[in-house]
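Undergrad: Take this sequence and fold it.
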Amino acid sequence: MQNAVSSSDKIRNRAAWVSAIASVLIFAMKVFAYRLTGSTAVLSDALESIVNVIAAIVALFVIRFASQPADENHPYGHGKAEYFSSAFEGGMIFFAAIMIIGEAVKALIYHEPTQQLETGLLIVGGAALVNLALGLYLKRVGRTHQSDALKASGAHVLSDVLTTVGVMVGLGLVLLTGIQWLDPVIAVLVGLQLAYAGFKIVRGSLGGLMDQQDPASLEQLAEAMEKNRVPGVINIHHLRVIRSGRFHHVDAHMVVPEYWDVSQVHAMTGDFEAAVVKDYEFDGELVFHLDPCKKSYCDSCQVPQCPIRLQPFRQKPDFSVKSLTDDPAPTNQGTHDRSGSSQTN
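TA: Numbers count the residues shown, from 1 in each chain. The predicted structure is shown next:
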């Protein structure tokens, strides 16, 4: 498992390098197009690319830092650094949007003319194709190797492609109609779209920093627990997840047969934890607080030949996100013991 994680870290670092180099190339192409055309819309596209360059360089260092293993001062690893990277990128996008709108307003007031729009369209179109390939690559690596920084960069780069397409449409309209004020108007629209994109990225990053529950990962966790459920796992509830990049710490209460001894419970929970983590997309650990059944779960307990059963087994309720994260329907009065945990690296 260690080799697999190291390989994953190398892939994320390589993707960050590709992003940094490609962002510099795309920025240079757009600056050249602006110098040729004098278009405010092209300038707005180039300003966004400055954000791409800065964000790619920041992500390069953050991803290397986030890949460091857990240590004494960071027991859950360094993965939360990726949320800072994506939040920084979102803030930079919002700042670029303000700059773009300001330049567009100046162009509307002073009526700055455009020139050589055909050549500019070709250069900007080439930059859009490179950006499209980069954005799809970053999104794929970010999803496959659980990197929030790369996923945020990929989403930003793909939004940059849409921005460039909008700029190209605007330049095409200026060419067809000769109406020069369309150019800064397109730039204003680009700025507004970027401001919204930056807000969404910042909001998602703050959710990760504040351990906001992620519905998709919770759903996958519920499926893994249901798949690996054994008769001794009577109920799981009050589940919480702390996300630290690709490493997730899962804390929950597990109801077990009250007459089982410590060794039997420890062996069962250890096997269950290892099986769930193996089927879960992220690296992580599960830690359970153990609740004795107190004969409250007889009709949903599958333990065979139970010596204390008060009611016959009727139906085993499936694990779902709601059932795992809510408090249980029966009220258990027992004390909570803490089991060992299963961890992957």
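Undergrad: need the helices for the chain, in chain order.
TA: Secondary structure of the chain (DSSP state H): helices located at 2-37, 40-66, 81-110, 117-144, 148-177, 182-209, 215-227, 262-279, 321-325.
Undergrad: what angle sits between the fifth one and helix 40-66?
TA: Going back to what we said before, that points to helix 148-177. On the basis of axes from the mean of the first three to the mean of the last three Cα atoms, to 10 degrees, helix 148-177 is oriented at 170 degrees to helix 40-66.
Undergrad: Buried residues, helix 148-177. List them.
TA: Residues 148-164, 166-168, 170-171, 174 are the ones in helix 148-177 that count as buried (16 or more other Cβ atoms under 10 Å). C-beta: built from backbone N, CA, C; applies to glycine.
Undergrad: for it, the distance to its chain's centre please.
TA: Remark: helix 148-177 is offset 22 Å from the chain centroid, using Cα atoms, centre = their mean, to the nearest Å.
Undergrad: Could you name the helices and strands sitting against that helix?
TA: Secondary-structure packing of helix 148-177 (3 or more Cβ pairs under 8 Å, 6 or more residues apart in numbering; DSSP states H and E): helix 2-37, helix 40-66, helix 81-110, helix 117-144, helix 182-209.
Undergrad: And for Leu36, nearest residue in space, chain neighbours not counted?
TA: Spatial nearest neighbour of Leu36, excluding adjacent residues (Cβ to Cβ, 6 or more residues apart in numbering): Gln116 at 4.7 Å.
Undergrad: wouldn't that neighbour be in contact with Thr37 here?
TA: Yes. Contact criterion Cβ atoms under 8 Å: Gln116 and Thr37 qualify, at 5.6 Å.
Undergrad: where does this structure dip in pLDDT?
TA: Where the chain drops to pLDDT under 70, the residues are 1-6, 63, 66-67, 75-79, 112, 146, 148-149, 210-211, 245, 329-345.
Undergrad: tell me the domain ranges of it?
TA: The chain is divided into the following domains under automatic domain parsing: 2-209, 215-343.
Undergrad: of all these, which gets the most neighbours per residue?
TA: The highest average neighbour count among the domains of the chain, using mean count of other Cβ atoms under 10 Å, belongs to domain 2-209 at a mean of 20.
Undergrad: need the contact list for the residue lying farthest from the centre of the chain.
TA: Distance to the chain centre peaks in the chain at Pro307, reaching 47.5 Å (criterion: Cα atoms, centre = their mean). Shown in contact with Pro307 (Cβ atoms under 8 Å, 6 or more residues apart in numbering): Tyr259.
Undergrad: Next, work out how far apart it and Gln264 are.
TA: When distance is defined by Cβ to Cβ, to the nearest Å, Pro307 is 14 Å away from Gln264.
Undergrad: now do Thr164
TA: Relative to Gln264, Thr164 is positioned 62 Å away (Cβ to Cβ).
Undergrad: Show me how far stretch 42-51 is from its chain's centre.
TA: Distance of stretch 42-51 from the chain centroid (Cα atoms, centre = their mean) equals 25 Å.
Undergrad: Need the residues that contact it.
TA: The contact list for stretch 42-51 (Cβ under 8 Å, 6+ apart) reads 23, 26-27, 30-31, 33-34, 89, 92-93, 95-96, 99-100, 103-104, 120, 124, 127, 156, 160, 163-164, 167, 171, 187, 190-191, 194.
Undergrad: now do 6 Å
TA: Taking contacts as Cβ atoms under 6 Å, 6 or more residues apart in numbering, the residues outside stretch 42-51 that touch it are 26-27, 30-31, 33-34, 92-93, 96, 99-100, 103, 120, 160, 163-164, 167, 187, 190.
Undergrad: just how off-centre is stretch 55-72 within its chain?
TA: Its chain's average C-alpha position is 15 Å from that of stretch 55-72, according to Cα atoms, centre = their mean.
Undergrad: Ok, stretch 141-160 next?
TA: Distance, stretch centre to chain centre, for stretch 141-160: 8 Å (Cα atoms, centre = their mean).
Undergrad: Dump the C-alpha coordinates for it into PDB.
TA: Provided in PDB are the C-alpha atoms of stretch 141-160 (Å, rounded to 0.1, in the frame of the first residue of the first chain):
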ATOM      1  CA  VAL A 141      -6.000  13.300 -11.900                       C
ATOM      2  CA  GLY A 142      -7.700  15.200  -9.100                       C
ATOM      3  CA  ARG A 143     -10.600  12.800  -9.100                       C
ATOM      4  CA  THR A 144      -8.500   9.600  -9.500                       C
ATOM      5  CA  HIS A 145      -6.000  10.600  -6.900                       C
ATOM      6  CA  GLN A 146      -8.200  12.600  -4.500                       C
ATOM      7  CA  SER A 147      -6.600  16.000  -4.700                       C
ATOM      8  CA  ASP A 148      -8.900  18.900  -3.900                       C
ATOM      9  CA  ALA A 149      -6.200  21.400  -5.100                       C
ATOM     10  CA  LEU A 150      -6.000  19.700  -8.600                       C
ATOM     11  CA  LYS A 151      -9.800  19.400  -8.800                       C
ATOM     12  CA  ALA A 152     -10.100  23.200  -8.100                       C
ATOM     13  CA  SER A 153      -7.400  24.000 -10.600                       C
ATOM     14  CA  GLY A 154      -9.100  21.800 -13.200                       C
ATOM     15  CA  ALA A 155     -12.500  23.500 -12.600                       C
ATOM     16  CA  HIS A 156     -10.900  26.900 -12.900                       C
ATOM     17  CA  VAL A 157      -9.000  26.100 -16.100                       C
ATOM     18  CA  LEU A 158     -12.200  24.700 -17.700                       C
ATOM     19  CA  SER A 159     -14.100  27.900 -16.700                       C
ATOM     20  CA  ASP A 160     -11.200  29.800 -18.300                       C
END
